[in-house]
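*Asks:* I'd like to go over a predicted model; first the sequence, then the structure.
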Amino acid sequence: MRRRDPLARKGLLRRLPEAWRQPLAVVGAVLAVAWLVIALAAPVLAPHDPLAQDLPRLAPPGPDHWFGTDQLGRDILSRVMYGARVSIPLTLLLVALSVLIGGLLGACAGYFGRWADETIMRVADLVFAFPTVILAMVVAAALGPSLANAVLAVLVVAWPAYARVTRGLVLGVREREFVLSGRLLGFSAWRSLRVDVLPNVTGPVLVLATLDIGTALLLLSGLSFLGLGAKPPSPEWGAMVASGVEVFDSWWVATFPGLAILTVVLAFNFLGDTLRDALDPRTARAIKERAL
Amino acid sequence: MSDTPGPPPSGGAGPSSTRKEPPSGSAGPLTTRTSPRRGAHPLARFLVRRVLLAVLMAWGITLVTFVLTNLVPGDPVAANLGQRALGDPAIVAQWRAEHGLDQPLWRQYLLHLQGLLQGDLGTSQQSHRPVSQDLAEFVPATLELAGAAILVSLVLGVAFGVVAALRRDRLSDHALRVLSLIGISVPTFWLALVAFYVFFYRLQLTPGSGRVDAALGLAPAVTGMQTVDALLAGRWDIFSSAVAHLVTPALVLALYTIGLLTRFTRSAVLEVLGQDYVRAARAKGLPGRVVLFRYVLRSALVPIITVAGLAFGSLLSGTVLVEAIFAWPGIGQYAYKSATTLDLPAVMGVGLVVGVVYLVINLVVDVLYGVIDPRVRLQ
């Protein structure tokens, strides 16, 4: 039988439907779903080939090209749509990996304590000692500019937040009676972590992850903007904004990919913020303290 | 920061006398493990501990930048020498020996560390000048920009947060929530571009790029910050021009931290508003303003200051994305140029300097903690 912390159950399951009645969550969900649909259906929806350079150059937005064309004669609307297939899956993968790595390390630190705790948390502290964009930039520059390396660089700066949150939450339940009795019954450390501790940790970590999707996308597109991410022909949003810097007075080149980033980030921030409020205030506070 | 580790879970599941961990794990930077030594003043002991920790972290930062520099798959020789020099093995060997590349890695690190202690950050492949010289030239401009931005963020963020908390669940609270969420969702580099286009190119409300009008010339350098230098020199024309140039980039940079601080101030103030001593202060008839400033804000300030210290890090990061667009001659633009041309020594130099500045800021914040809040016990 699974033993859950009754508070966690109340926080996540019973209050979730209420959260969905929040207008912010609805707007966020609609935006997120819309972008997922665009990403999936880009080949059907996009009016042009995102890489074809056969249109008039730098045409302003009009009935033929809703978002205009760029300096190489490519349709910006199509590129923005295809951009969703680059940025969104990578961001989701990135956050999933950070949750996995950070969560696992944090759980070990919190559960085993002593040297495991010391080693893991000191490394996390070291990462926190750098402002994120700077460290990500340094890592991406060292690995060499490519989208995969940019993802790796963001991963390096993203995992410690999860390690901290998970560690704090694990510390909180580690000595609760149901965990101790499990250990007395002869559960192995692994089983105890999986069965007794994990269910109490997942809720807050998922909220943090939702909030983090926006941050991760901002970082990833920022690296591409710096030229440390996607390579030129790829319709990546950050790189598209960067190309708009060169043709400054053709405002549409940079504006639309930027709006794409903004709306995706906003969607997940709206969702995450509502989710956090829906959780019970005790865990909500724990997230707030760790999320930094 | 970690707490004293409690008894291991498998160890004697003692009665309820086992120490309860607070639900959130740890409370703050001051509740770290300290050996119960006697004698020294607790504040002094705390300071020494924090400074030692900061030095240790700074050492860690040098290690990180060094390891990263050596991770580079590209051959630094190829990056630094021209085609013709590369063809000559003698020149290549000489260059490698000159830069210590023929030594084992750990000796290279020691050499690197020795260089750092003497202020040698390597040579930029772009400017062919020492990185330290480049940085010294660019740091003041960035500090001016980031300083202005943190000032704006603190004033606006705290004000918005207090308003949101006091008018909880009213229209203004909801509006501020949406606005602050938008603030933390806007890509800074894009906003900089849009602001530049709209306010300078289209409306011509703000001066364009740079720090002062070229016609006025720069104020005599004392601090390297134009606004301060202009004031010191008594040049009001330069001062107003410098401020006009500063406004847009500072606001663009500040938007994210304004959003962040609004949200944190709101929750910090809400937490304090529910405390008994606030209710007591109200009950005994103190005017609302006194309660707000002397009771509520003072204790809400502790979490706010912490967040502001961390927010300064995101401001420093943001300069990389903002300065390039406003042609602001700071380390952000330097980092941008170095990153786009893969000038590694320069990128690492920026990482190192920003990391250390950030470390110092957070050290100051930790000390401020104790000054602002007498309840914080220096164990």
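*Replies:* Right, received. Where do you want to start? Numbers count the residues shown, from 1 in each chain, chains lettered A, B, ... in the order given.
*Asks:* only C-alpha atoms from now on, for both contacts and neighbour counts.
*Replies:* Fine.
*Asks:* list the contacts of the most centrally placed residue in chain B.
*Replies:* Closest residue to the average C-alpha location of chain B: B:Gly313 at 2.3 Å, with C-alpha atoms, centre = their mean. Residues near B:Gly313 by C-alpha atoms under 8 Å, 6 or more residues apart in numbering or on different chains: A:Phe130, A:Pro131, A:Thr132, B:Tyr358.
*Asks:* quickly find the element holding whatever residue of chain A ends up closest to chain B.
*Replies:* Residue of chain A nearest chain B, by C-alpha to the nearest C-alpha: A:Gly168 (4.1 Å). Here A:Gly168 is covered by helix A:147-174, with elements defined by DSSP states H and E.
*Asks:* other SSEs contacting that helix?
*Replies:* Counting contacts by 3 or more C-alpha pairs under 8 Å, 6 or more residues apart in numbering or on different chains; DSSP states H and E, helix A:147-174 is packed against helix A:76-112, helix A:114-128, helix A:132-143, helix A:198-225, helix A:281-290.
*Asks:* mind doing that once more with 6 Å?
*Replies:* helix A:76-112, helix A:132-143 (3 or more C-alpha pairs under 6 Å, 6 or more residues apart in numbering or on different chains; DSSP states H and E).
*Asks:* so the first one versus helix A:198-225, what angle?
*Replies:* So the one you mean is helix A:76-112. Helix A:76-112 and helix A:198-225 are oriented at 140 degrees to each other (axes from the mean of the first three to the mean of the last three C-alpha atoms, to 10 degrees).
*Asks:* relative to helix A:114-128, how tilted is helix A:76-112?
*Replies:* Going by the same axes, to 10 degrees, helix A:76-112 makes 150 degrees with helix A:114-128.
*Asks:* how about helix A:76-112: buried residues?
*Replies:* For helix A:76-112, burial by neighbour count (16 or more other C-alpha atoms under 10 Å in any protein chain shown) applies to A:76-88, A:90-92, A:94-99, A:101-112.
*Asks:* that one packs against which elements?
*Replies:* helix A:23-45, helix A:147-174.
*Asks:* what's around A:Val170, how many residues?
*Replies:* 26 (other C-alpha atoms under 10 Å in any protein chain shown).
*Asks:* then B:Ser172?
*Replies:* Neighbours of B:Ser172 (other C-alpha under 10 Å): 16.
*Asks:* close to chain B, is stretch A:124-139?
*Replies:* Yes - against chain B, stretch A:124-139 shows contacts by C-alpha under 6 Å from any C-alpha of the partner chain at A:Phe130, A:Pro131, A:Val133, A:Ile134.
*Asks:* what's the first-to-last distance across that stretch?
*Replies:* In stretch A:124-139, first residue to last residue: 16 Å (C-alpha to C-alpha, to the nearest Å).
*Asks:* do the biggest helix by length in chain B and chain A come into contact?
*Replies:* The longest helix of chain B (DSSP state H) is helix B:236-273. No - judged by C-alpha under 6 Å from any C-alpha, helix B:236-273 makes no contact with chain A; its nearest approach is 8.5 Å.
*Asks:* residues of the helix or strand just after that helix that come out buried?
*Replies:* Next along the chain after helix B:236-273, taking DSSP H and E as the criterion, comes helix B:276-283. Across helix B:276-283, burial judged by 16+ other C-alpha under 10 Å covers B:Val278, B:Ala281.
*Asks:* which residues does the next helix-or-strand element following helix B:276-283 contact?
*Replies:* Downstream of helix B:276-283, the next assigned helix or strand under DSSP H and E is helix B:288-290. Around helix B:288-290, nothing counts as a contact under C-alpha atoms under 6 Å, 6 or more residues apart in numbering or on different chains.
*Asks:* again with stretch A:227-242
*Replies:* A:79, A:83, A:145-147, A:150, A:221-225, A:254, A:257, B:340.
*Asks:* apply 8 Å and report the result again.
*Replies:* A:50-51, A:79-80, A:82-84, A:86-87, A:137, A:140-141, A:144-150, A:220-226, A:253-255, A:257-258, A:260-261, B:190, B:339-340.
*Asks:* what do you get for stretch A:91-103?
*Replies:* Applying C-alpha under 8 Å, 6+ apart, the contact partners of stretch A:91-103 are A:151, A:154-155, A:158-164, A:166-167, A:205, A:209, A:212-213, A:216-217, A:220.
*Asks:* list the contacts of B:Ala281.
*Replies:* B:Val291.
*Asks:* for B:Ala164, see how far away it is.
*Replies:* 21 Å.
*Asks:* could you do B:Leu121 as well?
*Replies:* Separation of B:Leu121 from B:Ala164 (C-alpha to C-alpha): 46 Å.
*Asks:* neighbour count: these two, which is higher?
*Replies:* Higher neighbour count among B:Leu121 and B:Ala164: B:Ala164, with 26 against 23, using other C-alpha under 10 Å.
*Asks:* ok, the more buried one touching B:Leu176?
*Replies:* Yes - contact status for B:Ala164 versus B:Leu176: in contact at 6.6 Å, counting by C-alpha atoms under 8 Å.
*Asks:* hang on, the earlier thing: of the residues of stretch A:124-139 next to chain B, which pair is most distant in space?
*Replies:* The most widely separated members of those, counting by C-alpha to C-alpha, are A:Phe130 and A:Val133 (8.4 Å).
*Asks:* mind giving me the domain ranges of chain B?
*Replies:* B:58-117, B:139-377 (automatic domain parsing).
*Asks:* minimum distance to A:Pro199: which of the ones you listed has it?
*Replies:* domain B:139-377 (26.7 Å).
*Asks:* before we move on, the earlier item: doesn't A:Tyr111 make contact with the residue of chain A closest to chain B?
*Replies:* No - the pair A:Gly168 and A:Tyr111 fails to qualify as a contact (C-alpha under 8 Å) at a distance of 9.8 Å.
*Asks:* what residues does the stretch 151-300 of chain B put near chain A?
*Replies:* B:Leu181, B:Ile182, B:Ser185, B:Val186, B:Pro187, B:Phe189, B:Trp190, B:Leu193, B:Val194, B:Tyr197 (C-alpha under 8 Å from any C-alpha of the partner chain).
*Asks:* of these, which pair is most distant in space?
*Replies:* B:Leu181 and B:Tyr197 (23.7 Å).
*Asks:* what about the two, which has more around it?
*Replies:* Per other C-alpha under 10 Å, whichever of B:Leu181 and B:Tyr197 has more neighbours is B:Leu181, with 22 against 18.
*Asks:* contacting residues for the more buried one?
*Replies:* A:Leu266, A:Asn269, A:Phe270, B:Gly259.
*Asks:* helix, strand or coil for the nearest residue to the first one once chain neighbours are set aside?
*Replies:* Across the structure, with C-alpha to C-alpha, 6 or more residues apart in numbering or on different chains as the measure, the residue nearest A:Leu266 apart from its sequence neighbours is B:Ser185 (5.4 Å). When the structure is reduced to helix, strand and coil (DSSP: H, G, I helix; E, B strand; the rest coil), B:Ser185 reads as coil.
*Asks:* so B:Ser185 is in contact with A:Asn269, correct?
*Replies:* Yes - between B:Ser185 and A:Asn269 there is a contact under C-alpha under 8 Å: 7.3 Å.
*Asks:* anything in contact with each of the two?
*Replies:* In contact with both B:Ser185 and A:Asn269: A:Gly214, using C-alpha under 8 Å, 6+ apart.
*Asks:* separation between B:Ser172 and chain A?
*Replies:* 15 Å (C-alpha to the nearest C-alpha, to the nearest Å).
*Asks:* quick one, grab the pLDDT at that residue.
*Replies:* pLDDT recorded at B:Ser172 is 89.
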